[in-house]
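> Curious how this folds, go ahead:
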Amino acid sequence: MTIRVSGLRKAFATAGGRIEAVAGIDLTLHPGEFLVLLGPSGCGKTTTLRCVAGLERADEGRIEVDGAVVDDGDRFVPPERRDIGMVFQSYAVWPHLTVAENVALPLRSRTASAASPTGRSRRGWRRRSRSSAWTRSRRAP
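Down below sits the predicted model:
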């Protein structure tokens, strides 16, 4: 997956005035590459990632995923249609897991939820329901 960001700008209104969180960033990430956004607190790292993922709309600039424009002011593709995963920086990282295990957790959860809302196989759930219904019918007066 290639991700291209051009001229990305994002600002937020605060009680103290307008804060520019991202001021014209350009980057390209090709398949197989890793990218690290490094900087002090409040410099726009998370805001940039949230814009790429579609959790924030850019004020200006263009974001492309595999050549398709997902945000450019005119077009906006919602996050659920971008096929991008994100591990949030707080409250979603388990301290007892390694970095790799934290990153893999949503993938495992996605696979389990495809089986059923409870993570059990649909067949196992039906069997349990039939068994319970059978038990109830045997107890009926």
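> check contacts around residue 1.
31, 65, 66, 83 (Cβ atoms under 8 Å, 6 or more residues apart in numbering). Where C-beta positions appear, they are placed from N, C-alpha and C, glycine not excepted.
> can you tell me the helix or strand for residue 47?
Taking DSSP states H and E as the criterion, residue 47 maps to helix 45-53.
> next one: that helix to chain centre, how far?
On the basis of Cα atoms, centre = their mean, to the nearest Å, helix 45-53 sits 10 Å off its chain's mean C-alpha point.
> now the helix or strand just after that helix: mean pLDDT?
Beyond helix 45-53 on the C-terminal side, the first helix or strand identified by DSSP H and E is strand 60-65. The predicted model assigns strand 60-65 a mean pLDDT of 97.
> and strand 60-65, which residues are buried?
61, 62, 63, 64, 65 (16 or more other Cβ atoms under 10 Å).
> Over to stretch 36-55?
By neighbour count on 16+ other Cβ under 10 Å, the buried set for stretch 36-55 is 44, 45, 46, 47, 48, 49, 50, 51, 52, 54, 55.
> Show me which of these is closest to residue 37.
Distance to residue 37, by Cβ to Cβ, is smallest for residue 45 among these, at 4.1 Å.
> Tell me who's in contact with that closest one.
37, 38, 39.
> May I have the predicted confidence score for the residue nearest to the first one when sequence neighbours are not counted?
Read it as residue 37. Using Cβ to Cβ, 6 or more residues apart in numbering and skipping the chain neighbours, the partner closest in space to residue 37 is residue 45 (4.1 Å). Model confidence at residue 45, given as pLDDT, is 93.
> beta partners of residue 22?
Bridge pairing for residue 22 (DSSP bridges) gives the partners residue 10.
> and it, what does it touch?
Residue 22 makes contact with 8, 9, 10, 44, 47, 48, 51, 58, according to Cβ under 8 Å, 6+ apart.
> Many thanks, have a good one.
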